[in-house]
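Student: here are the coordinates; sequence isn't available:
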DNA sequence: GTAACGATCCTC
DNA sequence: AGGATCGTTACA
């Protein structure tokens, strides 16, 4: 069984984000049940210059993992109730992450983590080694759509309108 | 110590 | 259109 490894994640977020589309996000639940979900929507957050990226305010306890090399999970809480699941990309000290916004049959980053039972305990999880969450390649080569990211108006017009949300329409 | 603010979702 | 709900952050 193969999975996506460091050489996949340790590249620029704008390369990795669209390439995660169509791949399998695999979750092994505590019961032992393994489910595979096709990733259908992501957003790219790119380093210090991207004012919508949490790491643009510098390294804190929350954003620390984004400053490591690619392949780790960045998980945080928004609006006091939704866990967001991200994949760190790029090289060390190049804080970037891909937000997983949807898989086939489940739209919305908050609903996704609720369905996959992902919470704070996944912060820093190594997708290349974990036994409970990882990515597997598929042969699927989808046609990719792009548009502005959601919910980042606070970052100003430029960063809110830049087309760093990527998605695919299945069927 | 306090206060403000969300990379959202659900129900009007 | 508005409320839920709390960790993170900045500042005193």
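Tutor: Structure received. Predicted model, so just to flag it, every value in this text is computed and none were measured.

Student: Give me the local confidence score for residue A:171.
Tutor: Looking at residue A:171, its pLDDT stands at 67.

Student: The helix or strand residue A:40 falls within: which residues count as buried?
Tutor: Using DSSP states H and E, residue A:40 maps to strand A:34-46. By 16 or more other C-beta atoms under 10 Å, the buried positions in strand A:34-46 come out as A:37-46. To be clear about C-beta, it is placed using only N, CA and C from the backbone, and glycine gets the same treatment.

Student: Could you single out the nearest of those to DNA strand C?
Tutor: residue A:45 (13.7 Å; C-beta to the nearest atom of the strand).

Student: Please tell me I have it right and the closest one contacts residue A:99.
Tutor: Yes: assessed by C-beta atoms under 8 Å, residue A:45 is found in contact with residue A:99 at 6.6 Å.

Student: Pull up the overlap in contacts between these two.
Tutor: Taking C-beta atoms under 8 Å, 6 or more residues apart in numbering as the contact rule, the neighbours common to residue A:45 and residue A:99 are residue A:86.

Student: Would you state the helices of chain A in chain order?
Tutor: With helices called from DSSP state H, chain A shows them at A:6-9, A:13-20, A:109-116, A:157-161.

Student: how many other residues sit next to residue A:159?
Tutor: If you count neighbours by other C-beta atoms under 10 Å, residue A:159 ends up with 21.

Student: Then residue A:117?
Tutor: A total of 14 residues lie near residue A:117 under the criterion other C-beta under 10 Å.

Student: In a markdown table: the buried residues of strand A:34-46, plus pLDDT and distance to DNA strand B.
Tutor: Compiled in a markdown table, these are given as follows (pLDDT from 0 to 100; distance: C-beta to the nearest atom of the strand, whole Å):
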| residue | pLDDT | distance to DNA strand B |
| --- | --- | --- |
| A:37 | 98 | 14 |
| A:38 | 98 | 17 |
| A:39 | 98 | 14 |
| A:40 | 98 | 13 |
| A:41 | 98 | 10 |
| A:42 | 98 | 9 |
| A:43 | 98 | 6 |
| A:44 | 98 | 9 |
| A:45 | 98 | 4 |
| A:46 | 98 | 9 |
